[in-house]
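>>> fold the stuff below for me.
(2 chains)
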2 protein chains.
Amino acid sequence: MSEFDDHTAVTPDGAGGYRAELSEGWVVGGGVNGGYLLAVMGRALREALPGKPDPVAVSAHYVSPSTPGPATVTVDVRREGGSVATAAVDLVQDGTTRISALATVGDLARFAERAPEVRTTAVEPTLPAPEDCTASADAPDEVRAFVRMLDRLDLRLDPAHAAWGQGEPGMTGVIAGWFRFPDGREPDALSLLTVCDVLPPVTFDLGMPGWAPTLELTVHVRAHPAPGWLKVRHETRNLAAGLFEEDCEIWDSAGRLVCQSRQLALVPRPL
Amino acid sequence: MSEFDDHTAVTPDGAGGYRAELSEGWVVGGGVNGGYLLAVMGRALREALPGKPDPVAVSAHYVSPSTPGPATVTVDVRREGGSVATAAVDLVQDGTTRISALATVGDLARFAERAPEVRTTAVEPTLPAPEDCTASADAPDEVRAFVRMLDRLDLRLDPAHAAWGQGEPGMTGVIAGWFRFPDGREPDALSLLTVCDVLPPVTFDLGMPGWAPTLELTVHVRAHPAPGWLKVRHETRNLAAGLFEEDCEIWDSAGRLVCQSRQLALVPRPL
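Sure, this is the predicted structure:
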């Protein structure tokens, strides 16, 4: 079993919910990566709604910081029947809600069979080859100690948007790069819930280092990704009132836009 | 009192929820406009969470079609205290959930006071003057009968993206125009929840007429809008598997990007 599948596993708790063990491996600063947590919730959705394996639209509001260790995921189905189902999903630790989410799930393979047309006017990002990018595996030890989840990722950042590492932010509000799991696990609809949240916050590229807590993250998974590297691109176009939006696109190795997400996050406090 | 404030009014129902009367005036085809319904839910949030008047991030999943008439809005607060609060909000009719939403609310004026910096790289749309646009008031009677909410709006569509009315869709996936309330009610944070959903679906511009039911709509209100006309621009960049995303930007009369929203909707069935 892949590391990601192991870390996101859930088991029925006998009371209608699901038990999860949040891995220390996904710690970033004082919390646990929000995209990883979303995939744990996605695993519970899969169990609760058989025949609708794909998280087509998931909206998560982050209520309090999660910690590694036991957690419970509850799934409250609001609509079932027809081609999609909608459910409220909550991640809870010690009686405290960590994340409240709503999810609309379905079977993207069946949708695509019924409606094969694809019209994409979004433009696939151009990136240098992975071997010419800035590899997460080369991050300094002090960064790896703070961002433990880096060991879960094979990230190759486009050097055009990675000079903040040398104190020279590009001031464009863009970060882009390649992603794959280091153990060779191929991407699927579920793992895209995590991939859309693994790059450094785009505020790094605006000269604002530091953790940018997510208030809200909505992910639209639009197709099953082809095997291989994924291209991931984050951009912000509106920073105001101490908040910024971060749009993410994920393109698969077949050149398909497979995921779009947007989050609203807090601008990092000056260090 | 303005028509919009009257139509979105809620009163405590004595059981912890709020009673609303969904207006016939917001009917579009077989349902009630989703943005109007979101504003009704926003009114209940305001009542339930005093001191946090602004719907900063609202994610709504549309579960079943609403009908004009009585409805109940329930608000279940998940976090309070600090500068934002998070709540689950449901719109229910006759015991059936119509919309399940999550909302993170706060006071945008206080946020902006504390963090006055604005960095917007998004580009304000260029539109012909309102009097040179295609006015909703001039829509044919058969359209007005089907889209009753047109009487609630003073919409002026950019003719560059409105030729689908003459059977000549631009095939760009863009619709843009000016908006104001006909009775002079000025825009505020709450009404932006509606304004982001009042233009025709962008699929009209792709040669796909017909109703495009929303599965999910997330709205980020980023600033209090200045009085006057609003510019509203919708775009889709990815239609696939019978679904399309619709991004909306709302710019105020001071040239400020005050709202960003994205929805995932079903491509209209061929007529």
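>>> what is the least confident helix or strand in chain A?
helix A:141-146 (a mean of 88; mean pLDDT, DSSP states H and E).
>>> and it, which residues are buried?
Residues of helix A:141-146 classed as buried: none (neighbour count, 16 or more other Cβ atoms under 10 Å in any protein chain shown). C-beta here means a position set from N, CA and C on the backbone, and glycine is covered the same way.
>>> just how off-centre is it within its chain?
Its chain's C-alpha centre and that of helix A:141-146 lie 21 Å apart, by Cα atoms, centre = their mean, to the nearest Å.
>>> so what secondary structure elements neighbour that helix?
In terms of contacts (3 or more Cβ pairs under 8 Å, 6 or more residues apart in numbering or on different chains; DSSP states H and E), helix A:141-146 is not packed against any helix or strand.
>>> contacting residues around the helix or strand following it?
Counting by DSSP states H and E, the element after helix A:141-146 in chain order, helix or strand, is strand A:154-157. Residues from elsewhere that reach strand A:154-157, judged by Cβ atoms under 8 Å, 6 or more residues apart in numbering or on different chains: A:130-131, A:133-137, A:175-182, A:198-199.
>>> next step: those restricted to strands.
A:134-135, A:175-180 (DSSP state E).
>>> in ChimeraX, select just the buried ones from the residues you listed.
Filtering the ones in strands among the contacts of strand A:154-157 down to the buried ones (16+ other Cβ under 10 Å) takes a single ChimeraX command:
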select /A:134,175,176,177,178,179,180
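>>> between the ones in strands among the contacts of strand A:154-157, which sits nearest chain B?
A:I175 (14.1 Å; Cβ to the nearest Cβ).
>>> so the closest one makes contact with A:T236?
No. In this structure, A:I175 is not within contact of A:T236 by Cβ atoms under 8 Å, at 9.5 Å.
>>> can you list residues touching both of the two?
A:V202.
>>> all strands for the stretch 151-271 of chain A, in order.
A:154-157, A:174-180, A:214-221, A:230-235, A:238-240, A:243-251, A:257-266 (DSSP state E, counting those that start in this stretch).
>>> buried deepest among those, which one?
Comparing the strands of the stretch 151-271 of chain A by mean neighbour count (mean count of other Cβ atoms under 10 Å in any protein chain shown), strand A:214-221 ranks first with a mean of 26.
>>> neighbouring strands - and their directions - for it?
Strand pairing for strand A:214-221, using DSSP bridges, gives strand A:54-62 (antiparallel), strand A:257-266 (antiparallel).
>>> got the ones you listed as TSV, with distance to B:P125 and mean pLDDT columns?
Shown next, in TSV, are those (distance: least, Cβ to Cβ, whole Å; pLDDT from 0 to 100):
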stretch	distance to B:P125	mean pLDDT
strand A:54-62	26	98
strand A:257-266	19	98
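>>> out of those, which comes closest to B:S23?
Shortest distance between B:S23 and these, using Cβ to Cβ, is found for strand A:54-62: 26.4 Å.
>>> quick one: the closest one to strand B:243-251, angle?
Computed by axes from the mean of the first three to the mean of the last three Cα atoms, to 10 degrees, the angle separating strand A:54-62 from strand B:243-251 equals 30 degrees.
>>> pull the CA atoms of strand A:54-62 into CSV?
Extracted in CSV, the C-alpha atoms of strand A:54-62 (Å, rounded to 0.1, in the frame of the first residue of the first chain):
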residue,chain,number,x,y,z
ASP,A,54,-15.2,11.0,-7.0
PRO,A,55,-15.1,14.3,-4.9
VAL,A,56,-16.6,16.4,-7.7
ALA,A,57,-17.0,19.6,-5.6
VAL,A,58,-15.7,19.9,-2.0
SER,A,59,-15.9,23.1,0.0
ALA,A,60,-14.1,23.1,3.3
HIS,A,61,-14.1,25.7,6.0
TYR,A,62,-11.1,25.4,8.4
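>>> contacting residues around A:A189?
Contact analysis of A:A189 by Cβ under 8 Å, 6+ apart lists A:53-55, A:108, A:221, A:224-225.
>>> closest to chain B out of these?
A:L108 (5.8 Å).
>>> for B:G25, see how far away the closest one is.
Distance, A:L108 to B:G25, by Cβ to Cβ, to the nearest Å: 37 Å.
>>> same check, this time on A:E80
From A:E80 to B:G25 the distance is 32 Å (Cβ to Cβ).
>>> looking at the two, which is more packed in?
Between A:E80 and B:G25, B:G25 has the larger neighbour count (other Cβ atoms under 10 Å in any protein chain shown), namely 18 against 14.
>>> OK, contacts around the closest residue to that one other than its chain neighbours?
Distance criterion Cβ to Cβ, 6 or more residues apart in numbering or on different chains; nearest residue to B:G25, sequence neighbours excluded, is B:R152 at 5.6 Å. Counting by Cβ under 8 Å, 6+ apart, B:R152 touches B:3-4, B:7, B:25-26, B:36, B:181-182.
>>> kindly supply the PyMOL command isolating those of these that are buried.
The following PyMOL line selects those of those that are buried, judged by 16+ other Cβ under 10 Å:
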select buried, chain B and resi 4+7+25+26+36+181
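>>> out of the contacts of B:R152, who's nearest chain A?
B:Y36 (19.7 Å).
>>> now the helix or strand containing the closest one against strand B:243-251, angle please.
Using DSSP H and E, B:Y36 maps to helix B:34-48. Per the same axes, to 10 degrees, the angle that helix B:34-48 makes with strand B:243-251 is 60 degrees.
>>> hmm, stretch A:105-116 touching chain B?
Yes. Judged by Cβ under 8 Å from any Cβ of the partner chain, stretch A:105-116 and chain B are in contact via A:108, A:111-112, A:114-115.
>>> need those residues in a markdown table (columns: neighbour count).
Shown next, in a markdown table, are these (neighbours: other Cβ atoms under 10 Å in any protein chain shown):
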| residue | neighbour count |
| --- | --- |
| A:L108 | 23 |
| A:F111 | 21 |
| A:A112 | 18 |
| A:R114 | 10 |
| A:A115 | 16 |
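>>> and the contacts of A:A189, which is closest to A:T97?
A:P55 (19.5 Å).
>>> in stretch A:15-26, which residues are buried?
Under 16+ other Cβ under 10 Å, the buried positions of stretch A:15-26 are A:17-23, A:25-26.
>>> how long is it end to end?
The first residue of stretch A:15-26 is 27 Å away from its last residue (Cα to Cα, to the nearest Å).
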